[in-house]
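K.L.:
got a sequence here, can you build the structure:
(2 chains)
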Protein chains: 2
Amino acid sequence: MKLYSYFRSSAAFRVRIALNLKGLSYETVPIHLLRHGGEQFAEQFVRLNPLSLVPVLEDGGSVLFQSLAIVEYLDERYPQPPLLPSDPLARAYVRAVALTIACDIHPLNNTRVLRYLVRELNVPEPGKDAWYRHWVEMGLGQLEKVVVSSGRSGRFALGDQVTVADVAIVPQVFNARRFECKLESAPTLVAICDHCMQLDAFARAQPSAQPDAE
Amino acid sequence: MKLYSYFRSSAAFRVRIALNLKGLSYETVPIHLLRHGGEQFAEQFVRLNPLSLVPVLEDGGSVLFQSLAIVEYLDERYPQPPLLPSDPLARAYVRAVALTIACDIHPLNNTRVLRYLVRELNVPEPGKDAWYRHWVEMGLGQLEKVVVSSGRSGRFALGDQVTVADVAIVPQVFNARRFECKLESAPTLVAICDHCMQLDAFARAQPSAQPDAE
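P.N.:
Modelled structure (predicted):
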């Protein structure tokens, strides 16, 4: 397998965690999102993924994209250990946690979005930083309430089982720390992240452990 | 079942389509996203969904949120007709199409995001409109290439089978039309939307057919 990845991309981070949890080995193809005006816009990459986004996974001759679709694919194709529980309501909870990060927090703070704010809308640097922190702090604060009020969390978002929820939580907490967001309103999510990082599959997936890390 | 919905919410539109496709009847609880400073911020609703977002589905005593998690839940709990194919690669394709809309296009144009641009970052009205159109036009143009180059599309995103991809495409095309976005670069997606709208399940789910339509 080949993973087109950028060490700091939190969507690529999700897929790296899932691959490690499944015990699958893969080759990293680094796509630098900032260098050369963004390698994700190079003709060869756009032919692979017209969305110009990492991650992209090649499995055999197949090309897969969108991190959560890739994670679900890996879970169906390589079922052990499972990343989703079997009960439909627990599955919905776990997916909702992952989607809250993947839809409502992360996309607002993508490189391309921050670039548009500054270049097209002339938002000054402090405004851009406030935007970043606003969505992360509000989003993680709300998600904390979801996880706590579900009564389902333990060491991980779903008791003591690692699921796709944790696969999404860890990279988002990493981003929040990197941009010095306040995390006081999300102690459970931070604890889940710290528990995950004690596992080899998560530790090996982190940005600083990647071959393209700077 | 009870669906907390807003007639114009495209996330709620997705769930309405899925409920109709499954032949499930439900009661609509209107949550007006603009009136009274936003009914999604009212204490009672926040207790139901700390994310302050519609849709929320109540099924028996269970509370579900995040539109794509709800659609997957409905598909698992009420399997006929299926909204996902059985082949893992086809499932990944269909989910990737839905996630491209749910993660990379729609969240940037949410009511709360547009409000933040105007109120907090002082972006003037024309800048806000340009932002809206930029993400929709770029996003749908890229997604068009994904769908066409997949070689999988037919009347619908996956041949002649209605899937979760179509459930996501239709509300996004509706939004694009309402905000007068250019759709020349997405003819296949527009045709898929038009084919879908010939089906009763889609037609009954559209904003103008809702009890809270204005």
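K.L.:
three-state assignment of the residue in chain A sticking out farthest from the centre?
P.N.:
Relative to the mean C-alpha coordinate of chain A, counting by CA atoms, centre = their mean, the farthest residue is A:Asn122 (28.1 Å). Put simply, A:Asn122 is coil when judged by DSSP: H, G, I helix; E, B strand; the rest coil.
K.L.:
what's around the nearest residue to A:Tyr73 once chain neighbours are set aside, how many residues?
P.N.:
The shortest distance from A:Tyr73 to any non-neighbouring residue, by CB to CB, 6 or more residues apart in numbering or on different chains, is to B:Ala92 (4.1 Å). Glycine gets a C-beta too; all of them are placed from N, C-alpha and C. Counted with other CB atoms under 10 Å in any protein chain shown, the neighbours of B:Ala92 add up to 26.
K.L.:
which stretches of chain A form helices?
P.N.:
If you assign secondary structure with DSSP state H, the helices in chain A sit at A:10-21, A:43-48, A:67-77, A:88-99, A:111-119, A:125-150, A:164-178, A:187-196, A:200-203.
K.L.:
if we can go back for a sec, touching, the residue nearest to A:Tyr73 and A:Ser67? I think so.
P.N.:
No - contact status for B:Ala92 versus A:Ser67: not in contact, 11.3 Å apart, counting by CB atoms under 8 Å.
K.L.:
joint contacts of these two?
P.N.:
Common contact partners of B:Ala92 and A:Ser67 (CB atoms under 8 Å, 6 or more residues apart in numbering or on different chains): none.
K.L.:
picking that back up, the helices of chain A into JSON lines, with extra columns for mean pLDDT?
P.N.:
As requested, the helices of chain A are arranged in JSON lines below (pLDDT from 0 to 100):
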{"stretch": "helix A:10-21", "mean pLDDT": "98"}
{"stretch": "helix A:43-48", "mean pLDDT": "92"}
{"stretch": "helix A:67-77", "mean pLDDT": "98"}
{"stretch": "helix A:88-99", "mean pLDDT": "98"}
{"stretch": "helix A:111-119", "mean pLDDT": "91"}
{"stretch": "helix A:125-150", "mean pLDDT": "96"}
{"stretch": "helix A:164-178", "mean pLDDT": "97"}
{"stretch": "helix A:187-196", "mean pLDDT": "98"}
{"stretch": "helix A:200-203", "mean pLDDT": "98"}
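K.L.:
CSV for these, including distance to B:Ala165?
P.N.:
Output for the helices of chain A, formatted as CSV (distance: least, CB to CB, whole Å):
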stretch, distance to B:Ala165
helix A:10-21, 19
helix A:43-48, 20
helix A:67-77, 11
helix A:88-99, 16
helix A:111-119, 23
helix A:125-150, 26
helix A:164-178, 20
helix A:187-196, 31
helix A:200-203, 30
